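# let's see this in three dimensions:
(4 chains)
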Number of protein chains: 2
Amino acid sequence: MSLRQIAQSLGVSITTVSRALAGYSDVSAATRERVVAEAHRIKYVPNEVARRLQRGRADGIGFIVPGGARGFDDRYFLNMVEGAWWRLSGTEVDLLVLSSDQGPTEALTYRRIVEGGRVDGLLVPRIRENDSRIDYLCEVGFPFIAFGAEPSHPKAYAYVDIDTEAATAEAMRHLAELGHRSVALLSSDEPMVFARSREAAFLKAAAGLGISTTILCGKLAEASGFAMMSELLARPDRPTAAISITDRIGIGAVRAVREHGLTVGPDMSVITFGDNPVVAFMHPPMTAISIPVQAMTAHAVDYLLARRDRADAPLTRIWKTELIVRESTAAPRGRSLASDLPLAV
Amino acid sequence: MSLRQIAQSLGVSITTVSRALAGYSDVSAATRERVVAEAHRIKYVPNEVARRLQRGRADGIGFIVPGGARGFDDRYFLNMVEGAWWRLSGTEVDLLVLSSDQGPTEALTYRRIVEGGRVDGLLVPRIRENDSRIDYLCEVGFPFIAFGAEPSHPKAYAYVDIDTEAATAEAMRHLAELGHRSVALLSSDEPMVFARSREAAFLKAAAGLGISTTILCGKLAEASGFAMMSELLARPDRPTAAISITDRIGIGAVRAVREHGLTVGPDMSVITFGDNPVVAFMHPPMTAISIPVQAMTAHAVDYLLARRDRADAPLTRIWKTELIVRESTAAPRGRSLASDLPLAV
DNA sequence: CTGTTAGCGCTTTCAA
DNA sequence: TTGAAAGCGCTAACAG
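Numbering: from 1, shown residues only, chains lettered A, B, ... in the order given. Model (predicted):
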């Protein structure tokens, strides 16, 4: 079932068939009708690969999941896949879920994807500091959009991100109003920009509110959150609340509080940067900074789609988060209420 | 950066370059070395689209997500994506996440994917009864593997599934041992094979244990689980336990029990067919029938990969599940212990 | 309005 | 051991 078949049956040229099927106006109505009828009869479906080769366009958007042992280590990625898939539904553009291992072969993997012509644009999550992938993509001028920004990068590039400062400030204010005066951040020492920026925002917000701070670093996993919280609980002068930079850390942290025989909320309040529906069903349901991952991804896909036709200026968009207060935050035990607190600034 | 460039720089034919890079033995060592060096120098990366057109092979596996309003309505799909992605990491084969709306255009969507040459094989989840997609794929002989079987289909086709009867029997026995004598199944009336087979297995297991049964049907969503459980709780002769055919229904059901002021476990035990890490973190953690979705999907991908080279016999594989007992199942309040129960058969 | 020609970048006969 | 030629299926430029 190729154009040739239709052309032969009808005794016209392949070109004519192609034009008729493409809906060009410079083909007579009679011919078009015959072609369309014949195409319908033999159930013609165009070969996408040939079309892509000829058009020099991949008709695909790639989502690169950092590979290796990690992979889909976070629900965050799955939300991104869903957002991209949703946006691409009904278009002729495919969503490719690609993997790249970090390390020496990463650069080659990117080159194979970009220069191999498999996709028209790339969604690049989990930006690192001095990210060589960004350098490469900027250098070859390939359309991509990063998740989480690297503000210091010399070249401007497209990205989407949340308003980390506002999100953190809102969470800290919530804790301050409950009466907390000492808060910890459960973070990660892996080289990811979003961790750095949440740390910075945390320190800034704390300073503004006169809250004392602790930052612990581990891995982005429940077990690590568990360990960090355990360490925190062992301290004599422990904070009364913690913010985790990621769901998985937060989930582990909450479990640690419970297993130490303490009550989440009064004994230790926990807020998580969250994208995971899990947290609303936990015990207790967790107060979370909700990140609109799916909307962000859909928006990013829109940008990449537009970039196929014309070289837009790099898009940067900052999204608002929402603090969803549930039961994992409460006034610290034996503390005064917000009313008599000296809220700085 | 094409083969032509290398050929021109070196003054040899494109054919020779192609052969040298492909590692064919019928090219002199000296030539090969020069070609490889030059390819390395200009950082040659083959154009995948051209290669695919020539080879008549897509180098892609498609995962079709039923579209429309539903989409990724269940974590189940995401686990499948992860399993497939994981298996394909490090290969030259892409994972395409495709969507198809149910309804009149579904057939066309499938034809466009299959006959458009975009993928070499298809993962087809959520099989329906008398599924026209299966008919089509069998008819054109396209490699695919179904998730959940349609036992009555006239043609044998490849599928993976869980051992629904064994899984259900194990869960029912667990309930029986706790002292439950009346159990409900929270199911769905949507036309999906897996719902039908879980219902049948439920009835069979109950009959064997002398347990009385109730089957409620709704949609595959938390709200529906909530509604079904609410209805159940309103009955004067209500069952003391429920099994939900899906995580989302189970999550809604548990919430309904709590909101009615009852205790999950003693007042109403709940078991869920589960693939979702959520359930272990709920309050209370739910007893679940754990389905190895990722392993099943990886296995399915293996099959499709093998099918590209030779027409294997349809693979069918049935996976064992594991009953993970947590706190959502308990002896019914005011009931005797297992020891004095007349366990039938 | 329609056809001829050329070519996307690669692989694979078939000859030399 | 190498090259020339053909072609995967489609689209676009250029004539007529």
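# check the offset of the worst-scoring helix or strand of chain A on mean pLDDT from the chain's centre.
Here the helix or strand of chain A ranked lowest by mean pLDDT, DSSP states H and E is helix A:75-88, holding a mean of 88. Centre-to-centre, helix A:75-88 and its host chain are 8 Å apart (C-alpha atoms, centre = their mean, to the nearest Å).
# which residue is the nearest non-sequential neighbour of A:A295?
A:G83 (6.8 Å; C-beta to C-beta, 6 or more residues apart in numbering or on different chains). Every residue, glycine included, has its C-beta placed from N, CA and C.
# which ones are touching the one you found?
Neighbouring residues of A:G83 by C-beta atoms under 8 Å, 6 or more residues apart in numbering or on different chains: A:V293, A:Q294, A:A295, A:M296, A:T297, A:A298, A:V301.
# filter those residues down to the buried ones.
A:V293, A:Q294, A:M296, A:T297, A:A298, A:V301 (16 or more other C-beta atoms under 10 Å in any protein chain shown).
# now, among those residues, which is nearest to A:S2?
For the buried ones among the contacts of A:G83, the closest approach to A:S2 (C-beta to C-beta) belongs to A:V301, at 31.4 Å.
# which helix or strand contains the closest one?
According to DSSP states H and E, A:V301 maps onto helix A:293-309.
# packing partners for that helix?
Using 3 or more C-beta pairs under 8 Å, 6 or more residues apart in numbering or on different chains; DSSP states H and E, the elements in contact with helix A:293-309 are strand A:60-66, helix A:75-88, strand A:121-124, strand A:144-147, strand A:159-162, strand A:316-319.
# these: which one's closest to B:P191?
helix A:75-88 (23.1 Å).
# direction included, what does whichever helix or strand comes after the closest one pair against?
Remark: after helix A:75-88, the chain's next helix or strand is strand A:94-100, criterion DSSP H and E. Sheet pairing here is set by DSSP bridges, and for strand A:94-100 it gives strand A:60-66 (parallel), strand B:94-100 (antiparallel).
# so which of the buried ones among the contacts of A:G83 comes closest to DNA strand C?
A:V301 (25.5 Å; C-beta to the nearest atom of the strand).
# what's around A:D237, how many residues?
7 (other C-beta atoms under 10 Å in any protein chain shown).
# again, but for the one 4 residues further on
By the criterion of other C-beta under 10 Å, A:A241 has 27 neighbours.
# excluding chain neighbours, what is closest to it?
A:S269 (3.9 Å).
# relative to helix A:75-88, how tilted is the helix or strand the one you found falls within?
Using DSSP H and E, A:S269 maps to strand A:269-274. Computed by axes from the mean of the first three to the mean of the last three C-alpha atoms, to 10 degrees, the angle separating strand A:269-274 from helix A:75-88 equals 40 degrees.
# pull up the pairing partners for strand A:269-274, direction included.
Going by DSSP bridges, the partners of strand A:269-274 are strand A:241-244 (parallel), strand A:287-290 (parallel).
# coming back round to it: out of the buried ones among the contacts of A:G83, what pair is the most spread apart?
A:V293 and A:V301 (12.5 Å).
# returning to what we had before: quick one: mean pLDDT over the strand holding A:S269.
The average pLDDT within strand A:269-274 is 96.
# over to stretch A:170-178?
Mean predicted lDDT for stretch A:170-178 stands at 98.
# what sits up against it?
A:183, A:202, A:205-206, A:209, A:211, A:241, A:243, A:269, A:271, A:287, A:289, A:321, A:323, A:325, A:329-332, A:338, A:341, A:343.
# give the contact list for the closest residue to chain B within chain A.
Nearest residue of chain A to chain B: A:H283, at 3.0 Å (C-beta to the nearest C-beta). Contacts for A:H283 (C-beta under 8 Å, 6+ apart) come out as A:R258, B:F281, B:M282, B:H283, B:P284.
# the same query, at a cut-off of 10 Å, please.
A:V254, A:R255, A:R258, A:V264, A:E327, A:S328, B:F281, B:M282, B:H283, B:P284, B:P285 (C-beta atoms under 10 Å, 6 or more residues apart in numbering or on different chains).
# then A:V293?
A:75-83, A:125, A:147, A:160, A:162, A:274-276, A:319.
# for it, which non-adjacent residue is closest in space?
A:N79 (4.0 Å).
# again with A:T297
That would be A:G83: by C-beta to C-beta, 6+ apart, it lies 3.1 Å from A:T297.
# what does the stretch 1-150 of chain A put close to DNA strand C?
Within the stretch 1-150 of chain A, the positions adjacent to DNA strand C are A:11-16, A:19, A:25-31, A:50, A:53-54, A:56 by C-beta under 7 Å from any atom of the strand.
# so among those residues, which ones count as buried?
Buried among these (16+ other C-beta under 10 Å): A:V12, A:T16, A:R19, A:V27, A:A50, A:L53.
# surely the second one is within a helix?
Which is A:T16. Yes - under DSSP: H, G, I helix; E, B strand; the rest coil, A:T16 sits within a helix.
# so what's it up against?
With C-beta under 10 Å, 6+ apart, A:T16 has these contacts: A:L3, A:I6, A:A7, A:L10, A:Y24, A:V27, A:S28, A:T31, A:R32, A:R34, A:V35.
# what's the most distant pair in those?
A:L3 and A:S28 (17.9 Å).
# what is the burial count for A:Q8?
Counted with other C-beta under 10 Å, A:Q8 comes out at 12.
# any idea how far it lies from DNA strand D?
Using C-beta to the nearest atom of the strand, to the nearest Å, A:Q8 is found at 11 Å from DNA strand D.
# could you measure from that residue over to A:I14?
9 Å (C-beta to C-beta, to the nearest Å).
# find residues that contact each of those two.
A:S2.
# how about low-confidence regions in the stretch 201-345 of chain A?
Across the stretch 201-345 of chain A, the ranges flagged by pLDDT under 70 are A:335-345.
# what segments of it are helices?
In the stretch 201-345 of chain A, the helices defined using DSSP state H, counting those that start in this stretch lie at A:222-234, A:247-259, A:293-309.
# which of those is buried the deepest?
Comparing these by mean neighbour count (mean count of other C-beta atoms under 10 Å in any protein chain shown), helix A:247-259 ranks first with a mean of 24.
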